[in-house]
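S.K.: Dropping the sequence and predicted coords here.
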Amino acid sequence: MYEEKNHASAKEVTDTLKQSLRRSASLVILLLAIGVAGYSVFFGHTFSDAVYMTVITVGTVGYGEVVPLSTSGKMFTSVLILLSLVVFAYALTTISAFLVSEYTVLQRKRRKMQAQIQKINHHVIVCGYGRNGREAVSTLQRYGKSVVVIESNPSIVKVLEDSGILCLEASAIEDVALEAAGVERASHLITTLPADTDNVFIALSARQLNPSIHICSRASEESNVKKLKVAGVNHVIMPDKTGGSYLATLVVSPDLIEFINNLSSNPSGAMLVQEIILSSHPDVQSLSELRIKERTGCTVIGYKTETGNYQINPDLDIPVTSGGRIIILGNTAQLARLKEVFG
């Protein structure tokens with residue numbers, strides 16, 4: 001709430017400064033008009049001479065007069081010089097205040113950030129920066145993924161900006177926000193808004209704007225999981241249900257959970273679990289043909305069929321199709337070799 005008030009207050013100050021800028025411009029124009037009129041009407045100068053005298057007087061450049069000035073002309077010129085000093089001092093102060101105002105700096109920073117967003121491809125869009133969104137962004141950053149966050153809360157957006165995270169202050173349910181985040185170029189979208197209806201709208205919009213994007217969504221109610229799937233979500237997670245299962249597993253198999261956590265968050269930032277997409281190897285008929293263990297040192301721990309079924313610790317002689325995926329386990333060096341061999 002405090003940050004929101006500060007944001008609104010900064011905008012009000014900037015609006016006031018803009019009014020002052022317009023007032024400064026009006027005063028400068030009025031000053032020039034008074035000078036030209038005075039030299040033309042009261043001292044008989046031609047229009048061009050009057051403009052020249054006004055400019056050198058207001059600009060205090062010190063060039064000689066077109067014609068010698070009378071006593072009244074000298075008084076008029078002196079008053080014009082004093083007025084110009086006051087007007088230009090006011091204008092300079094206003095311009096300086098506008099350039100360094102908080103809202104102006106913020107707008108420049110956001111324009112720069114928007115330009116950065118326009119340059120990235122195959123990034124991940126995260127809608128909402130609550131508890132789930134924050135954890136998702138943190139994990140993606142550890143894996144070196146490019147992330148753009150869409151968040152409507154100004155105070156949270158400021159935190160993201162200060163942290164150097166690409167973000168947009170907008171409502172993710174609006175198509176214009178998704179387009180600004182580069183949804184057409186994104187590879188994945190994660191929506192973590194608390195309302196399932198909002199997540200459905202976001203999924204529908206994202207799927208329409210980018211039919212090939214991979215969408216993951218949070219769900220609060222189990223009855224809405226099917227609706228999210230129909231809306232185009234690839235994976236639906238229920239944090240409450242997953243959290244309860246996780247807590248129970250900590251009781252039953254605590255060492256297993258510790259091992260899995262180590263797999264998913266290596267301190268070096270490299271993933272220890274990777275996958276091979278078989279569409280890149282259409283001629284392969286079985287796992288044994290790839291000779292993954294011999295060529296990389298990695299271990300095959302799973303195979304996902306084209307229909308979405310998983311086989312844990314599969315036999316290497318099982319037939320595979322181009323629509324399947326192989327789940328690989330290995331250390332950092334082994335996964336580096338895996339990337340070199342299979343891309």
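M.R.: On my side now, so go ahead.

S.K.: I'd like to know the average pLDDT value across the one helix or strand S48 maps to.
M.R.: Remark: S48 resides in helix 47-58, with elements defined by DSSP states H and E. Across helix 47-58, pLDDT averages out at 82.

S.K.: That helix: what's the following helix or strand?
M.R.: Helix 47-58 is succeeded, C-terminally, by helix 71-100 (DSSP H and E).

S.K.: Assign K112 to helix, strand or coil.
M.R.: Three-state assignment for K112 (DSSP: H, G, I helix; E, B strand; the rest coil): helix.

S.K.: Can you give me the distance of it to T71?
M.R.: 57 Å (C-beta to C-beta, to the nearest Å). C-betas here are computed from N, CA, C, even on glycine.

S.K.: again with L85
M.R.: Distance, L85 to T71, by C-beta to C-beta: 22 Å.

S.K.: Neighbour count for these two, which is higher?
M.R.: L85 (12 against 7; other C-beta atoms under 10 Å).

S.K.: Any stretches of the chain with poor pLDDT?
M.R.: By pLDDT under 70, the low-scoring segments of the chain are 1-18, 61-67, 96-107, 246, 250, 256-257, 259-271, 343.

S.K.: All the helices of it, residue numbers only.
M.R.: 2-37, 47-58, 71-100, 102-119, 131-142, 154-162, 175-180, 196-209, 225-230, 239-252, 254-264, 292-296, 332-342 (DSSP state H).

S.K.: which one of those helices is the most hemmed in?
M.R.: helix 196-209 (a mean of 21; mean count of other C-beta atoms under 10 Å).

S.K.: pretty sure V183 contacts L209?
M.R.: Yes - counting by C-beta atoms under 8 Å, L209 is a contact partner of V183 at 4.9 Å.

S.K.: ok, C127 - contacts?
M.R.: G133, V149, I150, A172, L189, I190, T191, T192, L193, N199, I202 (C-beta atoms under 8 Å, 6 or more residues apart in numbering).

S.K.: H235: how many residues sit nearby?
M.R.: Neighbour count for H235, taken as other C-beta under 10 Å: 11.

S.K.: check contacts around it.
M.R.: For H235, the contacting residues are I215, C216, S217, by C-beta under 8 Å, 6+ apart.

S.K.: Can you tell me who the second one pairs with across the strands?
M.R.: Residues in a beta bridge with C216, per DSSP bridges, are I190, H235.

S.K.: what's near enough to touch it?
M.R.: Per C-beta under 8 Å, 6+ apart, neighbours of C216: H188, L189, I190, T191, V233, N234, H235, V236, I237.

S.K.: Return the closest of those with respect to F47.
M.R.: L189 (64.7 Å; C-beta to C-beta).
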